[in-house]
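**Q** turn this into a model:
(one chain, ligands or ions: 1)
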Amino acid sequence: MKLADNKATLSFSNGSPNIEFPVYTGTIGPDVVDIRKLYAQTGMFTYDPGFMSTAACESGITYIDGDKGELLYRGYPIEQLATNCDFMETCYLLLYGSLPNQQEKTTFSDLVTNHTMVHDQMHNFVRGFRRDAHPMAILTGLVGAMSAFYHDSTDIHNAEHRKISAIRLIAKMPTLVAMAYKYNVGQPYMYPRNKLSYAGNLLHMMFANPCEDYVVNPVIEKALDRIFILHADHEQNASTSTVRLCGSSGTNPFAAIAAGVACLWGPAHGGANEAALKMLEEIQVMGGVDKIGEFINQVKDKNSGIKLMGFGHRVYKNYDPRAKLMQESCKEVLSALGLENDPLFKLAMALEKIALEDDYFVQRKLYPNVDFYSGIVQRAIGIPTSMFTAIFALARTVGWIAQLDEMIGDPDYKIGRPRQLFTGSSQRDVVAIAKR
Ligand code: CMC
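**A** As a prediction, the model looks like this:
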């Protein structure tokens, strides 16, 4: 970051002297006012719940222009990555900053492939969960438990440990996700097949069984790979910020990523694809396309507490570019599976059209986000709704790791410690229990 030509001046109406703050400029995007010395100079904090105006770090990984609807990984538009590259290349790009050549890609993919198996005792660990546990509950536990299995890669300040833990996490996430699924449905775990692609391997581990051969459908494999690319990173979102904050204490990388998995679970974040599909199913039960108007009215009624899931975004105030790519994959998958007339897809398209023309959504700049269509694709593939967020977590793991690595390498990095505006009781004395 470099100093901008201008400075910011803070003035007070009570006659306190003005204070000047440096302004820094990045390569693209808004400048930032450096308020690090504010407390030392004034005894005051800034107040910004939800980080509406706060840049919590400097980063060179992912850039979003929410007004334009633009998403860049290391400078490359998501549309170009989704159409010209696969997930392994995307992982390499996010981790190391540049796209791999063929030899680098092969070496990287081989490295990941060689780590796909998990410690066999992990199977016993999974057995401790109830069969009907939510896959995200199981995944949070499994990822956290990795720190108990891989002791040689738990020092976050050791670059070699971080490198090994990164490969292990990327390689083993599909295996863990598939284990959570197989445990839920009561089928035996399938070991990874290293001759398959990253996405093909997940399909194999989820849908193969020991009794029959399983052939990966290339259209489904490509769509799943695209889901991974589109979800791989998204700048300083809630789960990524959680990973950074958790990692800032010096905890091990597996624990920090487990914190990210836990945060992602929420319906305002990664859980939205599950919630979006449930919403579509509910409208379908209500009567389908004919009931869209009634549903939209409920959404607009603030007292209903109902949101149009898969719509709206903190940063995008335009169409989420990932939603367009997901809609494209959705059409491809449905057509390859002979499901062109899928009622939920038709319902989603009709709902999107009506919402985009409605004043409520237009005024608030609410557009479809990636989750609006990803649920329909996953459902068509045969992935149960409860697994959607686990698939998202698998894909986002590389982004979390890249961001964690960047943070540790940042000379300005400190343990994250927000402050507060205290509005509770000032000091008071304890009264004996008999007199309270
Ligand atoms: N349906 C109806 N109204 C909405 C919606 C929605 N989906 N999203 C925002 N609004 C309204 C909100 O009520 C508010 O209205 P008003 O100004 O009258 O009070 C206005 O739009 C601004 O919303 P906000 O809640 O201040 O916006 P935010 O930036 O805090 O929230 C969000 C962003 C994603 C949490 C929210 O849009 C939302 O809950 N969307 C549905 C859940 C969803 O699809 N999440 C996935 C996000 S993309 C995947 C990911 O990154 O994890």
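**Q** from now on I want contacts and neighbour counts done on CA atoms only, so please keep to that.
**A** Will do.
**Q** near whatever residue of the stretch 1-150 of the chain ends up closest to the ligand, how many other residues are there?
**A** Residue nearest to the ligand within the stretch 1-150 of the chain: G50 (7.7 Å; C-alpha to the nearest ligand atom). Around G50 there are 9 other residues, counting by other C-alpha atoms under 10 Å.
**Q** same deal with R379?
**A** So R379, with other C-alpha under 10 Å, has 15 neighbours.
**Q** what helix or strand does it sit in?
**A** helix 371-381 (DSSP states H and E).
**Q** for the helix or strand just after that helix, what does the pLDDT average out to?
**A** Going down the chain from helix 371-381, the next helix or strand is helix 388-409, by DSSP H and E. Across helix 388-409, the average pLDDT comes to 96.
**Q** please begin residue numbering at 36 from this point
**A** Okay, residue one is now 36; in that scheme the one you just asked about reads as helix 423-444.
**Q** quick one: residues contacting T151.
**A** 203, 206-207, 209-210, 227, 229 (C-alpha atoms under 8 Å, 6 or more residues apart in numbering).
**Q** among those residues, which lie within helices?
**A** 203, 206-207, 209-210 (DSSP state H).
**Q** coming back round to it: and the residue of the stretch 36-185 of the chain closest to the ligand, how far from A91?
**A** Plainly put, G85 is 11 Å away from A91 if you go by C-alpha to C-alpha, to the nearest Å.
**Q** so what's in contact with the two at the same time?
**A** Common neighbours of G85 and A91 (C-alpha under 8 Å, 6+ apart) do not exist.
**Q** what ranges does the stretch 236-385 of the chain have for its helices?
**A** Along the stretch 236-385 of the chain, counting by DSSP state H, counting those that start in this stretch, helices occupy 253-266, 273-282, 288-299, 307-321, 327-335, 356-371, 378-392.
**Q** report the buried residues of the shortest one.
**A** Read it as helix 327-335. By neighbour count with 16 or more other C-alpha atoms under 10 Å, helix 327-335 contains the buried residues 327, 330-331, 333-334.
**Q** nearest residue to T89 in space, please, no chain neighbours.
**A** Nearest residue to T89, sequence neighbours excluded (C-alpha to C-alpha, 6 or more residues apart in numbering): D83, at 7.0 Å.
**Q** touching stretch 163-182 from outside, list them.
**A** Surrounding stretch 163-182, the residues in contact under the criterion C-alpha under 8 Å, 6+ apart are 157, 160-161, 189, 211-212, 215-216, 218-221, 287, 289-290, 292-294, 296-297, 300, 421-422, 424-425.
**Q** cutoff 6 Å now
**A** 215, 219, 289-290, 293, 296-297, 425 (C-alpha atoms under 6 Å, 6 or more residues apart in numbering).
**Q** again, but for stretch 55-75
**A** 36-39, 42-44, 80.
**Q** quick check: mean pLDDT across it?
**A** Taken as a whole, stretch 55-75 carries a mean pLDDT of 96.
**Q** for stretch 360-377, same thing?
**A** pLDDT averaged over stretch 360-377 gives 90.
**Q** thinking again about what came up before, so which of the buried residues of helix 327-335 comes closest to the ligand?
**A** V334 (5.6 Å).
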